[in-house]
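predicted coordinates and the sequence they were generated for:
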Amino acid sequence: MDYVRTVLKIPVPEIVAYSSRAHSTPVGTEFILMRPSSGTELRKLWDSMSEVGANAVINHVLHAESQFAKYHFSQIGSIYYVEDVEPALRELPLYRDGSCSQEGADRFRIGPSTEWALWRGARAELEVSRGPWPDVKSYIEGVVRIHQAWLSNHAQHPRIQVPPRCPEDLDPKTHKQLLDKLISSQIHVPLDLCANVLWHKDLHARNIMVNNTSPPSIELIDWQSVSVGPMFQQATFAIFVQYHGDPRIDLYNNAQLPDNFGSLPWHERIYLRHQRQLALRHLYYCSKMENRSLSAQTWAHDTHLRSAIDESSRTWDLGTRPFRKHMSNIATAMGNDALMDRFIDDDDTQAYQDRVALLYKELGVEGDGWVSTEHYDDIHVLNQEHMRNWDEMVAGGPYPITDGAPSWFVT
């Protein structure tokens with residue numbers, strides 16, 4: 001955060017005190033103390049914000065992303081103060097070009113990755129290397145080895161199978177062999193997409209604080225798992241501005257209102273005008289996006305390499321099917337039939353997962369399952385109602401939100 005604030009000039013909370021050595025503190029753990037933000041969460045303002053204000057927020061985020069793309073680091077990992085890394089790492093340059101004159105080169109170094117997926121649940125207990133890694137190949141292998149170590153030491157049969165599994169899918173050996181395919185894929189990544197950059201990949205509306213100025217200024221929070229990685233793995237379409245609303249608003253047609261708009265009831269017209277307003281913000285962000293970011297996201301989407309790396313930690317709780325699909329897409333991109341997988345077609349499993357996705361959308365708990373405090377009681381009641389009405393035979397599997405089911409944060 002100090003690097004982001006002092007070198008990238010991106011507004012973040014000010015750090016008052018910190019310690020990276022648990023044994024040296026009276027509380028017995030690492031800590032960071034920050035000044036509280038004086039702003040308001042964007043999620044509380046976004047729907048009612050004027051277009052001038054919304055565009056100002058988007059422009060601030062776009063500027064931050066431009067700064068992320070500008071600085072290229074020597075390794076893949078996380079940013080530390082020089083004194084907080086091992087002596088051997090202090091001898092390595094911060095930046096890819098070895099420059100000692102660029103701002104921050106004397107104060108910061110790349111150390112082991114703090115990426116959350118590498119520490120999630122029992123992974124934090126593993127004695128494994130978490131980098132830093134010199135290149136994409138070693139990064140992919142390092143990530144896979146961490147998840148294979150978790151499978152060897154901590155994988156247990158789930159009490160509730162979400163989604164339902166075949167016996168082979170409940171064998172850690174199957175998962176480890178499948179992950180080995182990612183290491184051996186050797187897909188060619190364009191050199192410019194291998195540049196190691198810092199990126200905040202979780203810019204949803206809870207992580208953007210908006211100050212009461214005209215035009216509004218912002219502060220970005222929640223940096224604990226932000227890391228340095230290859231551009232194709234880092235560049236992210238900011239979550240807060242993504243439009244996934246009413247399908248009648250067509251993003252590919254400049255978010256035009258439906259042809260029958262004039263004949264709709266007045267309250268429906270008000271609703272659709274607001275939906276179009278949100279969709280136009282999505283398009284505004286797209287029109288101003290950093291070219292390197294857009295290229296990286298397009299390539300990652302087309303090859304599925306980013307998705308395969310991200311979901312290499314999720315095969316045990318999601319089942320192997322999503323990962324197999326990613327590997328088959330990588331095989332198609334490479335023209336390598338040896339990586340193609342014959343197990344990916346399972347209509348029953350897909351139908352179940354579609355029903356689960358619809359349930360999460362209706363509850364408003366897509367992503368990590370977070371629910372705001374003010375809406376928790378209502379969502380809890382709605383969840384109980386859905387649980388009572390869930391038919392396992394019709395749905396193709398058990399109700400997914402129950403004790404014993406996989407947890408986004410724990411497994």
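Ah, there it is. Numbers count the residues shown, from 1 in each chain.

report the contact partners of the residue lying closest to Gln277 once chain neighbours are set aside.
Among residues not flanking Gln277 along the chain, Glu51 sits closest, at 7.2 Å (C-beta to C-beta, 6 or more residues apart in numbering). All C-beta atoms are positioned from the backbone trio N, CA, C, and that covers glycine. By C-beta atoms under 8 Å, 6 or more residues apart in numbering, the residues touching Glu51 are 277, 280-281.

please repeat the previous calculation with a cut-off of 10 Å.
Residues counted as contacts of Glu51 (C-beta atoms under 10 Å, 6 or more residues apart in numbering) are 277, 280-281, 284.

for PyMOL, what selects the buried ones among these?
In PyMOL, this line selects whichever of those come out buried by 16 or more other C-beta atoms under 10 Å:
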select buried, resi 280+281+284
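
as a markdown table, the contacts of Glu51 with secondary structure, distance to Val356 and pLDDT would be great.
Shown next, in a markdown table, are these (DSSP: H, G, I helix; E, B strand; the rest coil; distance: C-beta to C-beta, whole Å; pLDDT from 0 to 100):
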| residue | secondary structure | distance to Val356 | pLDDT |
| --- | --- | --- | --- |
| Gln277 | helix | 30 | 97 |
| Leu280 | helix | 31 | 97 |
| Arg281 | helix | 29 | 98 |
| Tyr284 | helix | 33 | 97 |
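
just the contacts of Glu51 now: which is nearest His204?
Closest approach to His204 among the contacts of Glu51 (C-beta to C-beta): Arg281, at 14.2 Å.

what's the helix or strand of the chain with the lowest mean pLDDT in contact with?
In the chain, no helix or strand scores lower on mean pLDDT, DSSP states H and E than strand 15-19, which sits at a mean of 81. Residues outside strand 15-19 that contact it (C-beta under 10 Å, 6+ apart): 1-2, 5, 25-27, 29-35, 81, 84.

for the residue nearest to Gln277, report the pLDDT, please.
With respect to pLDDT, Glu51 scores 95.

helices or strands up against the stretch of helix or strand Gln177 belongs to?
Assigned by DSSP states H and E, Gln177 belongs to helix 172-184. Counting contacts by 3 or more C-beta pairs under 10 Å, 6 or more residues apart in numbering; DSSP states H and E, helix 172-184 packs against helix 136-154, helix 305-311, helix 315-318, helix 321-334.

and the helices in the stretch 51-200 of the chain?
Per DSSP state H, counting those that start in this stretch, the stretch 51-200 of the chain carries helices over the ranges 51-70, 87-90, 136-154, 172-184.

now the longest one - C-alpha only, CSV.
Pointing back at helix 51-70 there. Taking C-alpha atoms only, helix 51-70 is exported to CSV below (Å, rounded to 0.1, in the frame of the first residue of the first chain):
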residue,chain,number,x,y,z
GLU,A,51,-23.5,10.6,-14.7
VAL,A,52,-20.9,13.3,-14.0
GLY,A,53,-20.1,11.7,-10.7
ALA,A,54,-20.1,8.2,-12.0
ASN,A,55,-17.8,9.1,-14.9
ALA,A,56,-15.4,10.8,-12.5
VAL,A,57,-15.2,7.6,-10.4
ILE,A,58,-14.7,5.5,-13.5
ASN,A,59,-11.9,7.9,-14.7
HIS,A,60,-10.1,7.6,-11.3
VAL,A,61,-10.2,3.8,-11.6
LEU,A,62,-9.0,3.9,-15.2
HIS,A,63,-6.1,6.1,-14.1
ALA,A,64,-5.2,3.6,-11.4
GLU,A,65,-5.3,0.8,-13.9
SER,A,66,-3.1,2.8,-16.3
GLN,A,67,-0.5,3.1,-13.4
PHE,A,68,-0.7,-0.6,-12.8
ALA,A,69,0.1,-1.4,-16.4
LYS,A,70,3.0,1.1,-16.5
